Structure formats: C-alpha cells, structure tokens
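Novice: Using only what follows, build the 3D model:
(chains A, B, C and D)
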There are 2 protein chains.
Amino acid sequence: MDTPVNLRMTKQRQVILDELRKMHTHPTADEMYRLLRKRLPKISLGTVYRNLEVLSDVGLIQKIEVAGTQKRFDGNASHHHHVRCAQCSRLEDVYVDVDVEMDQKVSRLTEFEVATHRMEFVGVCPNCKIATA
Amino acid sequence: MDTPVNLRMTKQRQVILDELRKMHTHPTADEMYRLLRKRLPKISLGTVYRNLEVLSDVGLIQKIEVAGTQKRFDGNASHHHHVRCAQCSRLEDVYVDVDVEMDQKVSRLTEFEVATHRMEFVGVCPNCKIATA
DNA sequence: CTACTTGCAAAAAATTTGCTGCTAT
DNA sequence: ATAGCAGCAAATTTTTTGCAAGTAG
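Specialist: As a prediction, this is how the structure comes out:
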C-alpha cells in the first residue's frame, strides 16, 4: 500500500521499466503482463500491478487516467498530454501545453493550490476518419 | 450496448437524472445507487449503470474520466473542467478553458480531428492545506 | 402493439491482498 | 541481517450481461 522507504531495483522492476520506456504506446497492466512474460516467464500479474503503482508513485513512469475502464501507463515521465480517438480509443502523446498562468488562475478561482494539470483531447484518428468517409 | 433509437423517460431514468443534477458532487455509480434507493427502493445497480451510460451517451450528463479506479458522473452537461485534490480526491468544477485554437492546433499536430478536450487540474484543496500546515 | 426497460442473479473484468520463501542492499 | 519483493492463489471491487416480466409511447 505505502511506498516503502527504500526501493530496490529488482530484475522484474528493471524489465518493467525498460519495456515500458521503449514502448511508445500506453499499455494496460494486463497488456504489460502478456508482453513481460516473454522475458520473464514466471512474473505474476500482481507483481506487474504493484510495480506499475510504485514506479508511478516515485515518478519514473506516469499513470494515465483517461477514458475507459482500465488504467494505462506511460514510460514517458515528462509533462505531456494525450489525444484519444473517440471511435477506436487509440491514444497518442501531444506536446502542446496551456500557458503557465493557467494553474495560477485556477488556484485563485478555486482556492486549491494547483500544482499541475492533465489534458486529454478527444477526436477521430486518421484511420477512423478514412473508415468513416 | 448500443444506444436505442428512441429513448424513454422512465421513472428510474428521471430520478437518476434529477438526483444527479441537484448533487453538485461527482458520484460513482455505486454512490448513486445507494442514494437512489431512498426514492426507489427496488432499483438495481445494473439499472443505474445502464442509465448513467445511456444518459452520458446522449449528452444529458457527463462521464468523468479522472484519476481513481471508478468512473464518476456529473449532472452538469455544459463544457467545464475539474480540479482534484491530490490528497483527499475531492473533485470540483472549474470554469476556465483554453483558447479555442487549441483543438485546431492539436488537430494539425496529430492529424486527429479533434472535437473537444478535457482538463483536470491537480493540487491541494483548502481543507488539506490546513491539515498539512 | 412492441421496442425499450427493469430487477435479479450470475458472470466477467480489473485490481488488490495474504502469505511464505527469496533477494538486493 | 533484514526490509523489501516475488510468485501464487484467493478475495474484492467494479462493471457487464442474459433473461423473463413489465411499461412508455
């Protein structure tokens, strides 16, 4: 539950981080699990869940909370946003951002002390545009 | 699964919409269920799920996809965003928005045809600020 | 009428947890 | 040494679904 005081870099954790970083998609825990078993045949789904949780707690990866029932994870820990296809749910990174005063503005309006934000753009992806046309 | 051609306004659906609109919080399906049983003791959880789904499909309410494992729903169907407290998960509405060109900009960058966006600001709410201080 | 909806119960999907033995530090 | 982790399996939590009977339009 709580993130331990001293994190260890176990084989499993290393591989999870490694694979996620080279993925450039935004897999669910279950998708990661299926992939990881190629390198670590005995890894368990529980371990995948626990590690994705810990890694995002310490900021090495991002937990993406967007549409859909499953959580998704992103090996890219830098500040960026996402576009999602309303039809096929495809998810991609977007590197645009609102101006820096936005968080301040919301802080004043709501009395929350706003630290960051996430944005999800929703639309139709190139593939689905063709399919629809 | 598919939204029917003709929607009926049943008692259950009416009450769900009604209660959700006067709530000003952003309840989960289960929270709605517990509340609704006061007015409709025999309503089932399945009905609550199905109706929240249908109502958001037709745009009468909003399905909020934010942090956390459960989906939340918002009786306010107008375009607005949310602030979430990183400590206690309290969720509030925010009426700020990015400039209208943002969606266009993302459309050009990603080749998605962007229709809308959602923003979630994350920070510490007034209560938790006090508790922490 | 009849397409749509409900309640109920069971199933499925997603995530978390208890435990015991192993391992990174 | 020892706090932290892994694997496994069981339990929980959240959501969906099949079905037979009821109802709005």
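Novice: so what secondary structure elements neighbour the longest helix belonging to chain A?
Specialist: Counting residues, the longest helix in chain A under DSSP state H turns out to be helix A:45-57. Counting contacts by 3 or more C-beta pairs under 8 Å, 6 or more residues apart in numbering or on different chains; DSSP states H and E, helix A:45-57 is packed against helix A:11-21, helix A:29-36, strand A:62-64. All C-beta spots, glycine's among them, are computed from the backbone N, C-alpha and C.
Novice: Do you know the pLDDT at A:Gly68?
Specialist: Here the pLDDT value assigned to A:Gly68 is 59.
Novice: Equivalent analysis for A:Ala133, please.
Specialist: 66.
Novice: The longest helix of chain A relative to helix A:29-36, how many degrees between them?
Specialist: Note on geometry: by axes from the mean of the first three to the mean of the last three C-alpha atoms, to 10 degrees, helix A:45-57 and helix A:29-36 are set 110 degrees apart in direction.
Novice: Can helix A:45-57 be said to contact DNA strand D?
Specialist: Yes - against DNA strand D, helix A:45-57 shows contacts by C-beta under 7 Å from any atom of the strand at A:45-47, A:50-51, A:54.
Novice: what sits up against that helix?
Specialist: Identification of contacts with helix A:45-57 by C-beta atoms under 8 Å, 6 or more residues apart in numbering or on different chains yields A:3, A:7, A:12-13, A:16-17, A:29-30, A:32-33, A:36, A:61-63, A:71, A:73.
Novice: let's see 7 Å
Specialist: A:3, A:7, A:12-13, A:16-17, A:29, A:32-33, A:36, A:61-63, A:73 (C-beta atoms under 7 Å, 6 or more residues apart in numbering or on different chains).
Novice: Let me know the closest of those residues to chain B.
Specialist: A:Lys63 (7.8 Å; C-beta to the nearest C-beta).
Novice: ok, now which ones touch the closest one?
Specialist: By C-beta under 7 Å, 6+ apart, the contact set of A:Lys63 is A:56, A:71, A:73.
Novice: one more time with 10 Å, if that's ok
Specialist: Applying C-beta atoms under 10 Å, 6 or more residues apart in numbering or on different chains, we find A:Lys63 in contact with A:52-53, A:55-57, A:71-74, B:67.
Novice: repeat for A:Leu7
Specialist: When contacts are counted by C-beta under 10 Å, 6+ apart, A:Leu7 is found next to A:13, A:54-55, A:57-58, A:60.
Novice: Against A:Ser89, how distant is the residue lying closest to A:Gln87 once chain neighbours are set aside?
Specialist: In space, A:Gln87 comes closest to A:Cys128 once its chain neighbours are excluded; the distance is 4.3 Å by C-beta to C-beta, 6 or more residues apart in numbering or on different chains. Distance of A:Cys128 to A:Ser89, computed by C-beta to C-beta, to the nearest Å: 10 Å.
Novice: the more surrounded of the two?
Specialist: The residue with more neighbours, out of A:Cys128 and A:Ser89, is A:Cys128; 17 against 12, by other C-beta atoms under 10 Å in any protein chain shown.
Novice: wait, is that one part of a helix?
Specialist: Yes - under DSSP: H, G, I helix; E, B strand; the rest coil, A:Cys128 falls within a helix.
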